[in-house]
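Undergrad: Quick check, what structure comes out for this input:
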Amino acid sequence: MNETPSVERYRAVSSIGWITAAIFFGFSLHDLMLRPEIASIDNGFVTHTVGPIGFELAQLSILSLGYGAFLLPIMFLCIAWASLSTSSITIRQQLLLFFIFLVSLPLANILLPIRVVPPVFTAGGRIGDFLTQQLFQYFDYTGSLVLLTGSLIALLNVLLFDYLQPIITNMMSMILSSVQGMLKTISSSIQRPVQDTVVAAEASSLVELDDSTGLEPAIKWSATDTADKSQSDLSGSVRKAPVMPSIQASSGSPTTANTSQTSTEALRAKYAAKLAKRKQQKLTKATAKQADLTETEKITATVALSTPPLDLLNQDKLSEKIKEDPKKLQLLAQAIEDKLNDFGVDAKVMNILLGPIITRFEIQPAPGTKASKITGLARDLARSLSVSSVRVVEVIPGKTYIGLEIPNRKRVTVSLKTLFESDAFQTARSSLCLALGVDISGDPVVVDLAKMPHLLVAGTTGSGKSVGLNSLLLSLLYKTSPQDLRLILIDPKMLEFAIYEGIPHLLTSVVTDMNDASYALNWCVNEMERRYKLMADLGVRNISSYNEKIKKIPTIENDSDMSHEHLPYIVVIADEFADMMMMVGKKVEQLIARLAQKARAAGIHLILATQRPSVDVITGLIKANIPTRISFQVSSKIDSRTILDQQGAESLLGYGDMLYLSPGSGVPMRCHGAFVSDDSVAGVVEHLRASGPPDYIEIQRPSDDPESPQIDMLATPADDKRSKDDSLYDQIVEFVTTSRKVSTSSVQRRFRIGYNRASVMVERMESSGIVSPMDVNGQRQVLAPPPPKD
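TA: Next up is the predicted model:
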């Protein structure tokens with residue numbers, strides 16, 4: 001927030017005034033620095049650089065403060081610098097500076113002699129003389145010196161603690177590292193002789209005779225020999241004669257030199273055989289351990305090598321540090337309090353949270369003030385503060401404050417690579433974790449799709465919805481392998497998801513036709529039912545338990561004909577499901593509702609996005625089964641209530657600014673989505689394509705004849721369809737004759753069928769004489785009598 005011109009003008013004039021005072025006072029003290037004796041002249045004209053007024057000021061200050069008077073120009077320059085740089089000096093710092101100056105005066109009197117004869121002023125001035133006399137009365141010379149020195153050091157330490165703490169910490173770390181290095185050197189020098197002794201003992205134990213021969217050891221290596229060998233290696237030209245091994249004859253028969261040499265060679269060969277045997281045993285154990293890995297673990301280990309590296313996201317600009325002048329924030333907080341007071345609301349700013357895009361001011365209203373009153377002032381506050389929008393957060397969990405979220409002057413770009421490198425994403429155990437962005441404090445927001453278990457996304461054009469979907473997709477691709485995750489991408493625009501064509505995670509090619517999208521959803525319903533049967537056969541409750549059981553018992557014997565295998569998660573992402581609702585009809589709504597109700601345990605999850613969050617798209621049936629929602633910027637409060645059941649999304653800033661409503665929470669959390677460029681997405685996709693080809697499945701259509709008309713994905717053969725139409729026709733006739741009202745829209749709403757089918761039924765009733773043709777007003781009359789009552 002920029003300062004007003006009046007404040008800036010005041011700061012400029014003030015700084016110029018302090019600089020002028022510093023220069024004037026400096027010239028005033030100039031003559032006294034060269035001729036200290038003139039300070040004692042009380043009367044008479046004295047030639048001075050800045051005239052008699054400057055002389056009087058210099059004389060008064062030098063007699064009162066002594067050498068402390070020469071610090072006054074420096075103090076004036078510091079005040080001018082603070083005014084120009086808008087950096088605030090707290091009251092605590094001002095008091096510390098005052099006490100440091102006060103302690104320095106008597107200390108200067110004690111330590112600094114005056115070299116003017118006769119002395120016309122003291123080092124501490126008259127104020128220093130008074131303080132020195134009081135201290136000498138109670139502490140004498142030595143006690144006063146110790147007390148003043150200790151007080152000065154303590155005050156300087158308190159004042160400069162923030163600047164000295166890093167220096168002291170670095171010095172302590174350097175000292176500790178030096179001490180650790182010395183201790184390590186001493187420890188290694190102590191352990192070296194012990195290691196030499198252990199090596200000698202191992203060498204003596206290697207040469208042994210077999211117990212079955214009944215012979216004593218023929219050769220005994222002494223520790224002296226080993227020590228001599230090591231010493232001879234280090235001594236260079238000076239070598240000592242090695243000590244010959246003592247040869248002992250075995251009891252019972254004489255031993256010659258040839259026999260001794262033969263025994264030595266045999267022992268060496270035996271030791272080499274033992275060493276080779278040990279190596280072979282270690283190699284066998286490692287091979288057996290590798291063979292114990294299941295096929296899934298081998299595939300997972302292989303796929304882990306093909307995980308896209310984070311360097312592919314280097315083309316995105318990294319997140320910048322959040323910087324804002326604290327004094328400007330305080331001025332803005334004061335302006336908020338003043339504007340609220342002008343509108344009749346007494347409130348005080350209690351806390352300020354600085355974020356990458358917005359700053360939240362938490363205010364405490366006066367008792368009896370309703371939050372709705374402040375909410376109604378949002379537009380007036382935005383106009384008064386000269387900002388684009390102000391969002392009012394009526395409820396902050398755990399606090400009694402009301403939040404006012406105001407956009408920053410400069411937005412900070414949030415990088416997707418920064419989110420992927422965060423501990424929250426790296427340590428997440430879930431395979432379906434999503435990196436949404438950062439919260440208002442700049443902390444990463446990582447959520448679990450498996451716990452949602454479905455997600456509804458809405459936002460107008462330019463709000464950042466497409467970039468947000470790409471971020472969610474890349475989160476899944478970076479976290480999960482194709483063996484554990486399969487994707488179905490529905491892209492009516494034929495632009496957003498076309499770049500992902502050919503990656504191994506896809507279950508089928510990117511769906512661009514809405515009839516194919518309905519078939520894909522129908523396949524998901526059938527797959528859900530199949531998975532429930534598999535889990536029921538093994539007695540488990542969810543897909544994670546099923547896969548764990550499959551991993552522990554690769555081969556499962558059962559009486560049924562089911563073949564058990566590893567089941568991956570299936571995530572269906574639709575970029576614009578409003579087109580499906582318009583083109584296919586209510587059947588899509590029923591399929592989505594059925595998947596949202598039951599597909600969580602089967603490992604099937606939905607992410608549905610739309611740019612038109614109206615009630616005919618996000619119906620009550622869909623909202624009831626998908627409690628987790630994300631809203632980017634929308635055009636009106638009505639759209640915000642449709643997606644979030646509350647207003648607030650219309651006040652967002654766009655470009656990734658979102659509200660995240662988690663399951664089980666009625667208070668949305670404001671997040672700022674990460675930016676990922678098209679080049680980064682293309683790089684990740686190319687890396688995934690190089691890791692392997694996709695394994696597509698074939699989704700069957702109701703008719704293989706391309707010339708046949710498109711029909712409902714749950715369509716049946718002609719006879720069954722005709723019988724169902726006859727049954728539905730009878731129900732419609734009963735409804736029309738009972739209500740005595742007929743229209744295509746009423747039949748469509750009552751029986752949840754498409755407009756074309758409802759109009760066919762109405763025309764059929766007209767041809768049968770049940771209803772009349774349309775009149776000039778477009779109305780029909782019911783001609784048939786009402787059905788008889790039982």
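
Undergrad: Count the residues that sit near residue 367.
TA: Other residues within reach of residue 367, judged by other C-beta atoms under 10 Å, total 6. Backbone N, C-alpha and C define where each C-beta goes, glycine included.

Undergrad: Quick one: the strands in the stretch 351-500 of the chain, in order.
TA: Assigned by DSSP state E, counting those that start in this stretch, the strands in the stretch 351-500 of the chain fall at 358-365, 391-393, 402-407, 433-438, 444-448, 455-458, 485-490.

Undergrad: Now do the helix or strand following the last one, average pLDDT.
TA: Meaning strand 485-490. Sequence order places helix 514-538 as the next helix or strand after strand 485-490, per DSSP states H and E. The average of the pLDDT scores along helix 514-538 is 90.

Undergrad: Now helix 514-538: buried residues?
TA: Residues of helix 514-538 classed as buried: 514-525, 527-528, 531, 534-535 (neighbour count, 16 or more other C-beta atoms under 10 Å).

Undergrad: distance between that helix and the chain's centre?
TA: 34 Å (C-alpha atoms, centre = their mean, to the nearest Å).

Undergrad: Which other helices and strands does it contact?
TA: Counting by 3 or more C-beta pairs under 8 Å, 6 or more residues apart in numbering; DSSP states H and E, the packing neighbours recorded for helix 514-538 are strand 485-490, helix 543-552, strand 569-574, helix 577-583, helix 586-598, strand 604-610.

Undergrad: Now do that helix and helix 586-598, the angle between them.
TA: Computed with axes from the mean of the first three to the mean of the last three C-alpha atoms, to 10 degrees, the direction of helix 514-538 lies at 30 degrees from that of helix 586-598.

Undergrad: pretty sure residue 403 contacts residue 393?
TA: Yes. Here residue 403 lies in contact with residue 393, judged by C-beta atoms under 8 Å, at a distance of 3.3 Å.

Undergrad: hey, what's in contact with both of the two?
TA: Here residue 403 and residue 393 have residue 360 as joint contacts, going by C-beta atoms under 8 Å, 6 or more residues apart in numbering.

Undergrad: can you pull out the strands in the stretch 551-700 of the chain?
TA: Under the criterion DSSP E, counting those that start in this stretch, the stretch 551-700 of the chain carries strands at the ranges 569-574, 604-610, 629-631, 657-661, 669-673.

Undergrad: Deepest-packed of those, please.
TA: Ranked by mean neighbour count under mean count of other C-beta atoms under 10 Å, those are led by strand 629-631, which reaches a mean of 27.

Undergrad: Pairing partners for it, with directions?
TA: Strand pairing for strand 629-631, determined by DSSP bridges: strand 455-458 (parallel), strand 657-661 (antiparallel).

Undergrad: Output the longest one as PDB, nothing but the C-alphas.
TA: In this case it means strand 657-661. As requested, the backbone C-alpha atoms of strand 657-661 are provided in PDB (Å, rounded to 0.1, in the frame of the first residue of the first chain):
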ATOM      1  CA  ASP A 657      -6.400 -17.800  -6.100                       C
ATOM      2  CA  MET A 658      -8.800 -20.400  -4.700                       C
ATOM      3  CA  LEU A 659     -11.000 -21.400  -1.800                       C
ATOM      4  CA  TYR A 660     -10.600 -25.100  -0.600                       C
ATOM      5  CA  LEU A 661     -13.600 -26.600   1.300                       C
END
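
Undergrad: Pull the residues that contact that strand.
TA: 357-358, 436-437, 445, 447, 459, 463-464, 468, 627-633, 644, 648-649, 652, 668-673.

Undergrad: go again using 7 Å as the cut-off
TA: Contacts made with strand 657-661 from outside it, assessed by C-beta atoms under 7 Å, 6 or more residues apart in numbering, are listed as 357, 436, 468, 628-633, 644, 648-649, 652, 668-673.

Undergrad: Serialize the strands paired with strand 629-631 to a markdown table and add fields for mean pLDDT and distance to residue 17.
TA: Putting the strands paired with strand 629-631 into a markdown table (pLDDT from 0 to 100; distance: least, C-beta to C-beta, whole Å) gives the following:
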| stretch | mean pLDDT | distance to residue 17 |
| --- | --- | --- |
| strand 455-458 | 94 | 57 |
| strand 657-661 | 92 | 44 |
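
Undergrad: So for residue 417, which of those strands sits nearest?
TA: Among the strands paired with strand 629-631, strand 657-661 comes nearest to residue 417, with 19.4 Å by C-beta to C-beta.

Undergrad: and the angle for the closest one with strand 669-673?
TA: Interaxial angle, strand 657-661 versus strand 669-673 (the same axes, to 10 degrees): 140 degrees.

Undergrad: can you pull up the bridge partners for the residue nearest in space to the middle of the chain?
TA: For the chain, the residue lying nearest the average C-alpha position, counting by C-alpha atoms, centre = their mean, turns out to be residue 444 (1.6 Å). Listed beta-bridge partners, residue 444: residue 438 (assigned using DSSP bridges).

Undergrad: Much appreciated, bye for now.
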